[in-house]
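*Asks:* 3D model of this:
(one chain, ligands or ions: 1)
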Amino acid sequence: MKIFVPAEQREGERRVAITPDSIAKLSKIGLELVIEQGAGAKAGYSDEAYKSQGAQIAATSDVANNLASADVVVSVRPLSNEHVSKVKNAGITISFLSPVFDAPTISLLADKNITALSFDVLPRISRAQSMDALTSQALCAGYRTVLIAAERLPKFFPMLMTAAGTIPPARVLVLGAGVAGLQAMATARRLGAVVSAYDVRASSADEVKSMGATFLDLGLDALEGAGGYAREMGEDRAKAQQDALKPFIADSDVVITTAAVPGRKAPLLVTQDMAAAMKDGALIIDMAAETGGNVAGSIPGEDVTIAGQDGTVTIIGCRDVASQLSTHASRLYSQNVVSLLTLMTAEGSVIPDDADEVVAGSAIVYKGEIRNAMSREALSLPALVSEEA
Ligand SMILES: NC(=O)c1ccc[n+]([C@@H]2O[C@H](COP(=O)([O-])OP(=O)(O)OC[C@H]3O[C@@H](n4cnc5c(N)ncnc54)[C@H](O)[C@@H]3O)[C@@H](O)[C@H]2O)c1
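*Replies:* Just a heads-up that it's a prediction; the model follows:
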């Protein structure tokens, strides 16, 4: 069967869905790869590297034909509407695809009887760990964010004792202790910062401590949702959290926010007032800027400077952070794709079987039927019978 990887369409996206080291693994299960020319260039993978591993390179002028003939189309970001219109009827797509924010694309995929598998909703069970692209990309983003902070902060991260005096360590506060947040803590600790963190899930206190960071106990109720994720905050709870966090934020050199609730706009954790209480030169890095923002006034891909306690505070709105580590982010993503394809492939044919929990959970659209409950709600479709039961 033929797998096609088109070049990513979204501006600023540097990753590629399959890297050359995966080609032999695909071939072993009977799948051949065709990739658009130059698709791996921004991640450091040349057409020659793909060719030398046995992939076929398709000219950009031939993308439409390849979309129409491929059995599976794999990308990092969701396919553009134009690409969806060319994918063959009843084909298979694999990518990130938000069940809520990409609802219009989901509708188009369903119209073409496609089975659309999304890493955004892949069940996080131990059998599927090797396919968990949310985790692999969050690791890249969490690490990279701390490097951005270290580069932009006009201070050292580690404590230094020199003949010219002692430099205190930077104080880094991480809000949201999921995969990205924990990786940010580990990276900031490795650079020598003093790190503290807060999350609404009860289990996060131990996870934070295991990274060598201090968990801030704000004395608030935990907000545990389904599947190990957080629940959305009500207005009063949000206000209580903001009030309790304010002094810790004012005391930090760097605040990194990573909070998310599946299928919802990112929760607002840092108001303008809280940001303005920080010291001159302080940084706030909003990793959730692309999904609504954890910080008031943050803009994805831009710096916003506001007046602080005694100078200026910069709010950095993240955009495409994992993509900034494109070589390794792509390599990990590619391995996630290969693992998912391997699960679904028998005798050289990719056959997604919805009797498998991993396939059923990932298939936002299965053979043209929109199966994901959040997508159905976003598209004002009635719930499926099995959801009502
Ligand atoms: N294979 C697996 O079993 C597996 C893999 C990865 C993650 N997980 C678990 O899944 C869960 C979610 O991880 P994720 O990184 O995808 O999370 P995420 O990206 O959905 O959210 C990031 C973090 O933000 C936190 N958050 C939400 N609202 C908040 C608020 N108001 N204030 C502070 N923090 C808030 C969440 O609790 C979460 O820890 C975690 O429990 C993680 O350990 C399991």
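*Asks:* how about the strands in the stretch 201-350 of the chain?
*Replies:* Under the criterion DSSP state E, counting those that start in this stretch, the stretch 201-350 of the chain contains strands at 214-215, 254-257, 283-286, 303-307, 312-317, 345-346, 349-350.
*Asks:* need these in CSV with distance to the ligand, mean neighbour count and mean pLDDT, can you?
*Replies:* C-betas here are computed from N, CA, C, even on glycine. Listed next are those as CSV, based on distance: least, C-beta to the nearest ligand atom, whole Å; neighbours: other C-beta atoms under 10 Å; pLDDT from 0 to 100:
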stretch, distance to the ligand, mean neighbour count, mean pLDDT
strand 214-215, 12, 17, 98
strand 254-257, 8, 29, 98
strand 283-286, 13, 28, 98
strand 303-307, 21, 13, 96
strand 312-317, 17, 21, 98
strand 345-346, 22, 15, 97
strand 349-350, 23, 17, 97
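*Asks:* tell me which of those strands lies nearest to G165.
*Replies:* Taking C-beta to C-beta, strand 254-257 is the member of the strands of the stretch 201-350 of the chain nearest to G165, at 21.9 Å.
*Asks:* list the strands paired with the closest one, with their directions.
*Replies:* strand 171-175 (parallel), strand 283-286 (parallel) (DSSP bridges).
*Asks:* for the shortest one, list the C-alpha coordinates in CSV.
*Replies:* Extracted in CSV, the C-alpha atoms of strand 283-286 (Å, rounded to 0.1, in the frame of the first residue of the first chain):
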residue,chain,number,x,y,z
LEU,A,283,9.4,37.1,31.2
ILE,A,284,6.1,35.3,30.8
ILE,A,285,6.1,32.6,28.2
ASP,A,286,2.6,31.5,27.2
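*Asks:* what residues does that strand touch?
*Replies:* Here strand 283-286 makes contact (C-beta atoms under 8 Å, 6 or more residues apart in numbering) with 145, 148-149, 152-153, 253-257, 270, 275, 278, 293-295, 298, 313-318.
*Asks:* wait, E36 sits on A55?
*Replies:* No - at 10.8 Å, E36 does not count as touching A55 under the criterion of C-beta atoms under 8 Å.
*Asks:* D21: what secondary structure?
*Replies:* Secondary structure, DSSP: H, G, I helix; E, B strand; the rest coil: D21 is helix.
*Asks:* what about it, how many neighbours?
*Replies:* D21 is flanked by 14 other residues according to other C-beta atoms under 10 Å.
*Asks:* mind checking pLDDT for it?
*Replies:* The model reports D21 with a pLDDT of 98.
*Asks:* measure it to L341 for me?
*Replies:* Here the criterion is C-beta to C-beta, to the nearest Å. By it, D21 lies 15 Å from L341.
*Asks:* same question for T145.
*Replies:* T145 is 30 Å from L341, by C-beta to C-beta.
*Asks:* just G281 next, same as before
*Replies:* 48 Å.
*Asks:* same thing with V195?
*Replies:* V195 sits 38 Å away from L341, going by C-beta to C-beta.
*Asks:* these two: who's more crowded?
*Replies:* Set V195 next to L341 and count neighbours by other C-beta under 10 Å: V195 wins out with 28 against 25.
*Asks:* wasn't the more buried one part of a helix?
*Replies:* No - counting by three-state DSSP, V195 is not found in a helix; it is strand.
*Asks:* pretty sure it is touching K209, no?
*Replies:* No - in this structure, V195 is not within contact of K209 by C-beta under 8 Å, at 10.9 Å.
*Asks:* per-residue confidence for the one residue in the stretch 151-300 of the chain that gets nearest to the ligand?
*Replies:* Nearest to the ligand in the stretch 151-300 of the chain, going by C-beta to the nearest ligand atom, is G178, at a distance of 2.3 Å. Note for G178: predicted pLDDT of 96.
*Asks:* that one is in contact with V261, isn't it?
*Replies:* No - here G178 does not reach V261: they are 10.6 Å apart, not a contact under C-beta under 8 Å.
*Asks:* so which of the two has more stuff around it?
*Replies:* More crowded of G178 and V261, by other C-beta under 10 Å: G178, with 21 against 18.
*Asks:* contacts for stretch 320-327 next, please.
*Replies:* 12-16, 42-45, 137-138, 140-141, 143-145, 148, 287, 301, 329.
*Asks:* of those, buried ones?
*Replies:* 13-16, 42-43, 45, 137-138, 140-141, 143-145, 148, 287, 329 (16 or more other C-beta atoms under 10 Å).
*Asks:* who touches the nearest residue to Q335 once chain neighbours are set aside in this structure?
*Replies:* Leaving out its chain neighbours, the residue that sits closest to Q335 by C-beta to C-beta, 6 or more residues apart in numbering is S22, at 6.6 Å. Contact analysis of S22 by C-beta under 8 Å, 6+ apart lists 334-335, 337-338.
*Asks:* how near is S22 to V359?
*Replies:* 20 Å.
*Asks:* what's the burial count for D353?
*Replies:* D353: 11 surrounding residues under other C-beta under 10 Å.
*Asks:* name the SS class of it, please.
*Replies:* coil.
*Asks:* backbone phi and psi for it, please?
*Replies:* Torsion angles at D353 (phi, psi; degrees, to the nearest 10) stand at phi -110, psi 120.
*Asks:* test my guess that V63 contacts V5.
*Replies:* No - using C-beta under 8 Å, V63 is not in contact with V5; the gap is 10.4 Å.
*Asks:* which neighbours do these two share?
*Replies:* With C-beta under 8 Å, 6+ apart as the test, V63 and V5 both reach E36.
*Asks:* interface residues of the protein facing the ligand?
*Replies:* Counting by C-beta under 6 Å from any ligand atom, the residues of the chain close to the ligand are 124, 129, 132, 134-135, 138, 175-181, 198-201, 204, 228-230, 233, 258-262, 267, 269.
*Asks:* P78 and the ligand, how far apart?
*Replies:* 18 Å (C-beta to the nearest ligand atom, to the nearest Å).
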